[in-house]
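Participant: Got a predicted model here, sequence first, then my questions.
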Amino acid sequence: MNPEAKFVVNLLEKYFLDTERSGAKWRTKNKPKYESSATGWDLQMERKNQVLLIEAKYIRGPFASAFAGLIIAPLSNRLETMKSKKKKSWCSTICWAIGCNYKEGVYQILLDYLSRNLEFWECYSKTLKVKYIFFIDNQKVAQIRFNKIINLATKYELSADKPLHEKRLAAKNLLKNLKFK
């Protein structure tokens with residue numbers, strides 16, 4: 001089993017299936033087998049009138065390459081697992097799941113990346129229906145709306161010319177209210 005499945009997808013699925021933690025009754029719509037080269041979404045969760053198509057990444061090295069996979073996922077027009085011949089259901093939204101063990105660095109890099117072109121990310125979010133980002137850290141999951149993180153990136157943009165340690169501190173302060181369950 002690859003680290004992405006072990007440290008992100010399985011933990012996120014467990015989070016959704018635990019109604020006390022997630023706050024709703026979800027069921028797994030599709031989860032590919034990771035022994036083969038799976039195409040499609042890493043995890044599909046559904047409840048009444050809502051389907052989450054989740055692209056997951058476990059970050060253990062250079063972040064830019066892993067982030068590219070998250071960005072491209074909704075653009076690739078992947079099929080949702082459905083009984084009909086449609087590509088996606090009307091109630092599906094796209095989510096990112098990011099797992100790592102150095103979250104403050106990831107926060108800074110993510111906000112830095114988003115703050116470079118806020119107008120693009122607002123359009124990206126609306127056009128491709130990207131709704132949530134899930135952060136997975138030490139068996140716990142935190143959820144934030146994509147629009148909220150774009151708003152935080154707007155605030156983070158003020159620290160663009162500061163040294164790296166100050167940028168990391170600013171990102172940590174902006175995302176300090178994330179509740180890991």
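Facilitator: All right, it came through fine. Numbers count the residues shown, from 1 in each chain.

Participant: ok, the residue nearest the centre of the chain to Leu12 distance?
Facilitator: Residue closest to the mean C-alpha point of the chain, counted by CA atoms, centre = their mean, is Trp96 at 1.9 Å. Distance, Trp96 to Leu12, by CB to CB, to the nearest Å: 11 Å. C-beta here means a position set from N, CA and C on the backbone, and glycine is covered the same way.

Participant: List the contacts of the residue nearest to Ser159 when sequence neighbours are not counted.
Facilitator: Excluding the flanking residues, the one nearest Ser159 by CB to CB, 6 or more residues apart in numbering is Ala170, at 4.2 Å. For Ala170, the contact set (CB atoms under 8 Å, 6 or more residues apart in numbering) comprises Gln108, Tyr156, Leu158, Ser159, Lys162.

Participant: what secondary structure does the last one sit in?
Facilitator: Meaning Lys162. coil (DSSP: H, G, I helix; E, B strand; the rest coil).

Participant: what helix or strand is the closest residue to it other than its chain neighbours on?
Facilitator: Nearest residue to Lys162, sequence neighbours excluded (CB to CB, 6+ apart): Ala170, at 7.3 Å. Here Ala170, judged by DSSP states H and E, is contained in helix 164-174.

Participant: Ala153 too?
Facilitator: Element membership of Ala153, judged by DSSP H and E, is helix 146-156.

Participant: mean confidence for that helix?
Facilitator: For helix 146-156, the mean pLDDT works out to 94.

Participant: for stretch 56-73, same thing?
Facilitator: Per-residue scores along stretch 56-73 average to 77.

Participant: one step back: now for Trp96 and Leu12: what residues contact both?
Facilitator: With contacts defined as CB under 8 Å, 6+ apart, the residues adjacent to both Trp96 and Leu12 are Ile54, Ala56, Phe134.

Participant: Most neighbours among these, which one is it?
Facilitator: With neighbours defined as other CB atoms under 10 Å, the most crowded of those is Ala56; it has 25 neighbours.

Participant: Quick check: can you name the pairing partners of the helix or strand hosting that one and their directions?
Facilitator: In this assignment (DSSP H and E), Ala56 forms part of strand 50-58. Using DSSP bridges, strand 50-58 pairs in its sheet with strand 43-47 (antiparallel), strand 92-99 (parallel).

Participant: Stretch 169-181: end-to-end distance?
Facilitator: The straight-line separation of the ends of stretch 169-181 (CA to CA, to the nearest Å) is 23 Å.

Participant: Can you list the buried residues in it?
Facilitator: Ala170, Ala171, Leu174, Leu175 (16 or more other CB atoms under 10 Å).

Participant: Dump these into TSV; add distance to Asp112 as well.
Facilitator: Output for the buried residues of stretch 169-181, formatted as TSV (distance: CB to CB, whole Å):
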residue	distance to Asp112
Ala170	10
Ala171	8
Leu174	12
Leu175	13
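
Participant: Thanks again, I'm all set now.
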